[in-house]
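Student: fold the stuff below for me.
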Amino acid sequence: DKIMAITITNPNTQVRLPSQYSMTSVILSTTLHKTELDISQLVVDINIFESVLGDVLSGNITIRDTENYISTFPICGYETVSLQFSARTEDKRDSFSVSFRVYSITNVIEITGGGKTYRLELISPEFLTTSEMLVSRAFQSQTVSQIVNTLWKDTIQSEKPLKIEETSGLLDVVIPSWKPLNTLKWLCSRAMSVDREGANYFFYETLDGFSFVSLETLVADIDDTEIITYYYGTRDMPSRTGGPTPTAAYTVTDIQVDSSFDLIQNLSLGMYSNTMIEHDIVKREYRINKFDYEKSFDKYEHLEDWSFLHGDDDTFKEVYDTRKFLVSSSRDSSKKERTLQARVSQLQQINTYKITLTLPGNIATRAGDVVYLYYPAKSSDGVEDHLMSGHYLVLSVKNNMSMTSHQTTIEIVKDSYFKEIPIRG
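Tutor: Okay, here's the model as predicted:
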């Protein structure tokens, strides 16, 4: 194995943390011939991306090629890259293997003295294979989860695992020549959980496989003994669960607040409240359904107990006209009023507070995980910041690995406050 030392400097504690991970192999193969090429010694760096809002894994590899493999192998769009890594960590998910298809070569730069550097752009094989397919099929009186399972087995036919959360309600639908992944994304907007009130499903891939699950399942039943706590801006890292004192591996090396709140956007997109007018052309009737964020907050699962609305200010309460929907009534028993209105609000809720953390490399972190950010208040020791601290959902993960370092960047979001915002008289 090719052992790579990782040295991470924590700017707050000045602790230097040595760690190691092993790049077992990076194998390039092609359908043009049977020769395989181990390019691990040519790798400058590797990036692997996963996101709850994406369909599949993607990535890129920067290569320093002094043997002109780009022409002699050649690399021309028929290639598969198979990666195998392991890491010496305390986490259970301490190794992985994954395969990508090469779909493009970018950033080709000639090297003085011979050779060149270039970047192989990577995508999950399922994306390319399903891009050639169209789904034209009718489904009658089936749940969304049943339809997803059928499409996965009959059309996509991937060997990767798929976790499907069971849905309620029956759907009559004709898929009109859509690509399979686009179909699954559309089904997310029609899915309702059996066990949860919300209507916000995601279809995405991580290093563990594919998932078709609801937002509420991702954030429900949080067990702090099972999740990672990341610490920022503090020399002391108290254990939140009574366990061993956290090490520098769990410190945040850099933090960027991408968004905190945008009242105008929240209003215009219908997060606080919205109205749906449902028209039944057969019965010549219409129904008005109103969604209220504050009144419905306790009906849905959240990361924390306190909503984004607080105090006696009524500016954002019961403003139903800020966004309206007009839909046609049908025999669809999945009840659009539950899926559409709640989904619109929930999607905007997780877009309200968005933070990017740069961390010591951790291949165990996945999109869809829940983590805790410990962010101390500046005024006193041992007190956490009301706005910044708390549980967050990992929206996306980027692992950057090179011969000398491993860095993980995660985008985290939250839909509530972990403490009530203090109101001073």
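Student: how much space is there between residue 228 and residue 398?
Tutor: Relative to residue 398, residue 228 is positioned 16 Å away (Cβ to Cβ, to the nearest Å). Glycine gets a C-beta too; all of them are placed from N, C-alpha and C.
Student: for residue 348, phi and psi?
Tutor: For residue 348, the backbone dihedrals (degrees, to the nearest 10) come out as phi -70, psi -30.
Student: so it touches residue 268, yeah?
Tutor: No - contact between residue 348 and residue 268 fails when scored by Cβ atoms under 8 Å: they sit 9.6 Å apart.
Student: neighbour count: those two, which is higher?
Tutor: residue 348 (20 against 12; other Cβ atoms under 10 Å).
Student: please name the residues that touch that one.
Tutor: By Cβ atoms under 8 Å, 6 or more residues apart in numbering, the contact set of residue 348 is 265-266, 269-271.
Student: how about residue 118?
Tutor: So residue 118 contacts 62-63, 65, 70, 105-109 (Cβ under 8 Å, 6+ apart).
Student: which helix or strand contains the residue lying closest to it once chain neighbours are set aside?
Tutor: Residue nearest to residue 118 in three dimensions, not counting chain neighbours: residue 108, with 4.4 Å by Cβ to Cβ, 6 or more residues apart in numbering. With elements taken from DSSP states H and E, the one containing residue 108 is strand 95-110.
Student: and that strand, which strands flank it?
Tutor: Applying DSSP bridges to the sheet, strand 95-110 is found paired with strand 79-87 (antiparallel), strand 116-123 (antiparallel).
Student: let me see the mean pLDDT of stretch 261-277.
Tutor: Taken as a whole, stretch 261-277 has a mean pLDDT of 84.
Student: sorry, slip of the keys, the one I care about is stretch 365-372.
Tutor: 94.
Student: again, but for stretch 43-50
Tutor: For stretch 43-50, the mean pLDDT works out to 95.
Student: what residues of it count as buried?
Tutor: The neighbour-count check on stretch 43-50 (16 or more other Cβ atoms under 10 Å) flags 43, 45-50 as buried.
Student: which of the residues you listed fall within strands?
Tutor: Using DSSP state E to define strands, the subset of those located there is 43, 45-50.
Student: and which of the residues you listed is nearest residue 343?
Tutor: Proximity of these to residue 343 (Cβ to Cβ) peaks at residue 50, which lies at 22.1 Å.
Student: correct me, but the closest one touches residue 207?
Tutor: Yes - Residue 50 is within contact range of residue 207, at 6.8 Å (criterion: Cβ under 8 Å).
Student: so what sits against both of the two?
Tutor: 57, 366.
Student: circling back: will you turn the contacts of residue 118 into TSV that also has neighbour count and distance to residue 172?
Tutor: Listed next are the contacts of residue 118 as TSV, based on neighbours: other Cβ atoms under 10 Å; distance: Cβ to Cβ, whole Å:
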residue	neighbour count	distance to residue 172
62	18	49
63	23	50
65	19	54
70	17	51
105	16	46
106	10	45
107	12	49
108	12	51
109	11	55
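Student: can you tell me which of the residues you listed lies closest to residue 233?
Tutor: Nearest to residue 233 among these, counting by Cβ to Cβ, is residue 62 at 32.4 Å.
Student: give the contact list for the closest residue to that closest one other than its chain neighbours.
Tutor: The shortest distance from residue 62 to any non-neighbouring residue, by Cβ to Cβ, 6+ apart, is to residue 44 (4.0 Å). Shown in contact with residue 44 (Cβ under 8 Å, 6+ apart): 62-64, 117, 402-403.
Student: hmm, which two among these are most spread apart?
Tutor: The span of the contacts of residue 44, defined through Cβ to Cβ, is set by 117 and 403 at 14.1 Å.
Student: what's the burial count for residue 41?
Tutor: Using other Cβ under 10 Å, residue 41 has 10 neighbouring residues.
Student: and for residue 364?
Tutor: 18.
Student: where along the stretch 101-250 of the chain do the strands fall?
Tutor: 116-123, 135-142, 162-164, 171-178, 201-206, 209-214, 229-231 (DSSP state E, counting those that start in this stretch).
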